[in-house]
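J.: Next input, structure requested:
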Amino acid sequence: MNQTGGHDPLRPGLMTSPRLIFGLPFGAGVVLHVMTGANIEPGEHLLAVMLGGVLVAIGLVLAAWATIALRRGGQHPDPARPTTALVTDGPYQYTRNPIYVSFASIGLGIGLILNSYWVLGSVTIAVLGLHFLVVLREERYLETVIDHAYAGYRENVRRWL
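T.: Model prediction:
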């Protein structure tokens, strides 16, 4: 907020860190899994663990790739910081939110590795939290700061996948 009590137009006005918005429900899912021991009963758990490992690896690579693209574009990966330019290369040419997609990929991978309904369900809640509490606010912010360039980008690149 600025001195007049309104939102600072140079910042996206996020309520809190996207890591926290994703991490709280995800962490709750892990705790519930540990407390209840409720597992999915797939025919082949080894296959789920392998797929989970692949999803975690994809998520880690995607997060690193997105961070590198942001830094090369002169932007900071912290969404609470002001945005001065639109980054459209690297993973940003495929999704407008590659770091949040990486969160989901890592979360789903961990859910599969743990064989947990709780963790997999918590990822859905976490992604919904990101969508409504972060992504929509960031998009409104980018529309005001970058205007026409963002409108064209939004028309050509998907929000998620």
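J.: Helices along the protein, start to end?
T.: 18-36, 45-72, 98-114, 117-130, 136-145, 148-156 (DSSP state H).
J.: Identify whichever of those helices lies nearest to residue 90.
T.: Proximity to residue 90, assessed across the helices of the chain by Cβ to Cβ, is greatest for helix 45-72 (3.0 Å). In short, each C-beta sits where N, CA and C put it, glycine included.
J.: Correct me if wrong: residue 117 contacts residue 38.
T.: Yes - Residue 117 lies in contact with residue 38 (Cβ atoms under 8 Å); the separation is 5.6 Å.
J.: Between those two, point out the one with more neighbours.
T.: residue 117 (16 against 11; other Cβ atoms under 10 Å).
J.: For the more buried one, give me its contacts.
T.: 33, 38, 39, 40 (Cβ atoms under 8 Å, 6 or more residues apart in numbering).
J.: in this structure, which residue is closest to the centre?
T.: Most central in the chain under Cα atoms, centre = their mean is residue 100, positioned 1.3 Å from the mean C-alpha point.
J.: ok so, going back, which of the contacts of residue 117 are buried? Put it as a ChimeraX command.
T.: To isolate the buried ones among those in ChimeraX, judged by 16 or more other Cβ atoms under 10 Å, type:
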select :33
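J.: which one of the contacts of residue 117 is nearest residue 123?
T.: residue 33 (12.0 Å).
J.: The closest one and residue 40: what is the separation?
T.: Distance, residue 33 to residue 40, using Cβ to Cβ, to the nearest Å: 10 Å.
J.: what is in contact with the two at once?
T.: 116, 117.
J.: sorry, back to before: cross-check the contact I'm expecting between the residue nearest to the centre of the chain and residue 21.
T.: No - Residue 100 is beyond contact range of residue 21, at 9.6 Å (criterion: Cβ under 8 Å).
J.: joint contacts of the two?
T.: By Cβ under 8 Å, 6+ apart, the residues touching both residue 100 and residue 21 are 130, 134.
J.: residues contacting the closest residue to residue 76 other than its chain neighbours?
T.: In space, and not counting its chain neighbours, residue 76 is closest to residue 70: 7.0 Å by Cβ to Cβ, 6 or more residues apart in numbering. Counting by Cβ under 8 Å, 6+ apart, residue 70 touches 76, 77, 87.
J.: out of those, who has the most neighbours?
T.: residue 87 (19 neighbours).
J.: For it, which non-adjacent residue is spatially closest?
T.: Residue 87 sits nearest to residue 73 (Cβ to Cβ, 6+ apart), 3.6 Å away.
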